[in-house]
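Enquirer: the amino acid sequence is not available; the structure is as follows:
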């Protein structure tokens, strides 16, 4: 009998040991991916220790490494790593594959949301439309602000890290399910009382709307391209500075406004998330009165052959990338073979009337650069809210792609330090453009689909035409 008990105990111990070893094996695989990413960051990130000191960075890496060894959850591992990327502080770094994945989601909140500052509101709740516009105090006993703060790390900015990029709105349900909670029934504490909201599940039409389609059109419309010409103004909205069709349409609009002597131009960058620097500069030249450079300075690290080059794309780039540089302190300064360092002159067919630039937290990267080039022009008015892109320097371009096969995801970061203002990297933190004409929304404004920026501009044009 004792022998049988010992055999049974041995089976349990061996089984438990194998389970622990299996867990450790998964954790160590995640750690392998993380170690490769950290190595790439240390070798190729030009300003890695700007927002975190080297000691802080190393301590964070150590803590995350220990936690990764203990987890078997892919989502938890991704979250840990993204936390570090967010603390580094750059809108061009992070996981670039999770936006399109389902992340193992089977249940989600049954309504879409609006985020206003750090407050959370029900936007569209099919089960009870009387709750639309209701402020959410907490979900599953976690305060709304804490939830927003925990999820904003997936949308880092180039400037103000306290700023919430409203890209989070259409992705909120996806990210909440993946990284916070999946339940059959959610406990929602609202200003109208407690709601027990039954989850929407994978087989439902609502799940498809809120998770798979990410509810994009609800916030930003069916198309991010629009041109309108009236007697008093021309209006132009487009998604990115990387589509030749957008560029061509822009030049045609400027020509039409000049020919018709229309004195006002509205450029809507509220949902423009960046693009190509060179195209941005060329388009800005049609609004400038003084010569300018796209970048004042550009820097890269000293590394020519990274440790993990065999796992990286664009291998040929590293063979020649130092040829256009000279040594500058701990970095290398790009001084030749770079069009973005050449002076750009105002276009002879430039628009001479008044220009209104509409901005918001989805005004990223190159679209914020566009604003920077026009900041000193007396005929330009900025209307809206703070941009997520930076107006003094940013870290982007020639991206390092780190494929984390064990995590089944891809982390990416830019390898060039791009300075828009001379020596700003030495004396400043990255900062966004803050419009002099600030527009704020209430939840009722959002529910009523108001466009307060455009309304403000039209009213200003009307007053000036009196």
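Expert: Ah, there it is. Being a predicted model, the structure only gives us computed values, none of them experimental. Numbers count the residues shown, from 1 in each chain.

Enquirer: my guess is residue 117 contacts residue 164. True?
Expert: Yes. The pair residue 117 and residue 164 passes the contact test of C-beta atoms under 8 Å, sitting 7.5 Å apart. Every residue, glycine included, has its C-beta placed from N, CA and C.

Enquirer: those two: which has the busier surroundings?
Expert: The neighbour count for residue 117 versus residue 164, taken as other C-beta atoms under 10 Å, is higher for residue 164 (20 against 10).

Enquirer: show the backbone phi and psi for the more buried one.
Expert: Main-chain torsions, residue 164, degrees, to the nearest 10: phi -100, psi 120.

Enquirer: could you measure from it over to residue 91?
Expert: 13 Å (C-beta to C-beta, to the nearest Å).

Enquirer: so what sits against both of those two?
Expert: Listed as contacting both residue 164 and residue 91 by C-beta atoms under 8 Å, 6 or more residues apart in numbering are residue 155.

Enquirer: so residue 142 bridges to which residues?
Expert: residue 139 (DSSP bridges).

Enquirer: so what's the residue count around it?
Expert: Neighbour tally, residue 142, other C-beta under 10 Å: 13.

Enquirer: does it really touch residue 180, like I thought?
Expert: Yes. The criterion here is C-beta under 8 Å, and residue 142 meets it with residue 180 at 7.4 Å.

Enquirer: can you list the domains in the chain?
Expert: 2-94, 107-216, 226-464 (automatic domain parsing).

Enquirer: so how far is the shortest one from its chain's centroid?
Expert: Here the centre of mass of C-alpha atoms in domain 2-94, compared against the chain's by C-alpha atoms, centre = their mean, to the nearest Å, lies 24 Å away.

Enquirer: hey, least reliable of the domains of the chain by pLDDT?
Expert: Of all the domains of the chain, mean pLDDT reaches its minimum on domain 2-94 (a mean of 82).

Enquirer: please name the nearest non-neighbouring residue to residue 65.
Expert: residue 31 (5.8 Å; C-beta to C-beta, 6 or more residues apart in numbering).

Enquirer: so after whichever strand or helix holds the one you found, what's the next helix or strand?
Expert: Under the criterion of DSSP states H and E, residue 31 resides in helix 2-44. Using DSSP H and E, the helix or strand that follows helix 2-44 in sequence is helix 54-70.

Enquirer: and that following helix, what does it pack against?
Expert: When contacts are defined as 3 or more C-beta pairs under 8 Å, 6 or more residues apart in numbering; DSSP states H and E, helix 54-70 packs onto helix 2-44, helix 74-88.

Enquirer: what ranges does this protein have for its helices?
Expert: 2-44, 54-70, 74-88, 144-151, 168-179, 205-207, 216-220, 244-260, 277-284, 315-320, 365-374, 424-427, 443-447, 452-464 (DSSP state H).

Enquirer: how long is stretch 298-305 from one end to the other?
Expert: With C-alpha to C-alpha, to the nearest Å as the measure, stretch 298-305 spans 19 Å from end to end.

Enquirer: mind checking which of the domains of the chain is nearest residue 101?
Expert: domain 226-464 (7.7 Å; C-beta to C-beta).

Enquirer: all strands for the stretch 201-350 of the chain, in order.
Expert: Assigned by DSSP state E, counting those that start in this stretch, the stretch 201-350 of the chain shows strands spanning 226-229, 234-237, 264-268, 292-293, 297-300, 325-328, 331-334, 343-344.

Enquirer: and residue 41, which of the ones you listed is closest to it?
Expert: strand 297-300 (13.8 Å).

Enquirer: that older thread, redo the domains of the chain as a markdown table? Include distance to residue 101.
Expert: Formatted as a markdown table, the domains of the chain follow (distance: least, C-beta to C-beta, whole Å):
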| stretch | distance to residue 101 |
| --- | --- |
| domain 2-94 | 10 |
| domain 107-216 | 9 |
| domain 226-464 | 8 |
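
Enquirer: select, out of the ones you listed, the one closest to residue 100.
Expert: That would be, of those and by C-beta to C-beta, domain 107-216, which comes in at 9.2 Å.

Enquirer: separation between residue 147 and residue 139?
Expert: Relative to residue 139, residue 147 is positioned 6 Å away (C-beta to C-beta).

Enquirer: quickly list what's touching both of the two.
Expert: 176, 180.

Enquirer: any chance of the strands of the stretch 201-350 of the chain in CSV, plus distance to residue 312 and mean neighbour count?
Expert: Below are the strands of the stretch 201-350 of the chain laid out as CSV (distance: least, C-beta to C-beta, whole Å; neighbours: other C-beta atoms under 10 Å):
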stretch, distance to residue 312, mean neighbour count
strand 226-229, 39, 13
strand 234-237, 36, 21
strand 264-268, 37, 23
strand 292-293, 30, 17
strand 297-300, 15, 22
strand 325-328, 19, 13
strand 331-334, 19, 20
strand 343-344, 32, 13
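
Enquirer: got JSON lines for those, with distance to residue 459 too?
Expert: As requested, the strands of the stretch 201-350 of the chain are exported to JSON lines (distance: least, C-beta to C-beta, whole Å):
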{"stretch": "strand 226-229", "distance to residue 459": "17"}
{"stretch": "strand 234-237", "distance to residue 459": "15"}
{"stretch": "strand 264-268", "distance to residue 459": "12"}
{"stretch": "strand 292-293", "distance to residue 459": "31"}
{"stretch": "strand 297-300", "distance to residue 459": "41"}
{"stretch": "strand 325-328", "distance to residue 459": "49"}
{"stretch": "strand 331-334", "distance to residue 459": "45"}
{"stretch": "strand 343-344", "distance to residue 459": "34"}
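
Enquirer: tell me who's in contact with residue 98.
Expert: 78, 154, 178, 409.

Enquirer: if I pick the third one, what's in contact with it?
Expert: Going by C-beta under 8 Å, 6+ apart, residue 178 touches 75, 98, 103-105.

Enquirer: can you tell me the closest non-neighbouring residue to it?
Expert: Closest residue in space to residue 178, ignoring its immediate chain neighbours: residue 103 at 3.8 Å, by C-beta to C-beta, 6+ apart.

Enquirer: repeat that for the last one.
Expert: The shortest distance from residue 409 to any residue other than its chain neighbours is 4.8 Å, reached at residue 97 (C-beta to C-beta, 6+ apart).

Enquirer: residue 183 and residue 107 touch, don't they?
Expert: Yes. Under the criterion of C-beta under 8 Å, residue 183 makes contact with residue 107 at 6.5 Å.

Enquirer: intersection of neighbour lists for the two?
Expert: Applying C-beta under 8 Å, 6+ apart, one finds that residue 183 and residue 107 are jointly contacted by residue 199.

Enquirer: more neighbours: which of those two?
Expert: residue 107 (20 against 15).

Enquirer: that one - nearest residue in space that isn't next to it in sequence?
Expert: Once flanking residues are discounted, residue 107 sits nearest to residue 199: 4.0 Å by C-beta to C-beta, 6+ apart.

Enquirer: I'd like the distance between the one you found and residue 208.
Expert: Using C-beta to C-beta, one gets 14 Å for the distance from residue 199 to residue 208.

Enquirer: and the two? which has more neighbours close in?
Expert: residue 199 (19 against 12).
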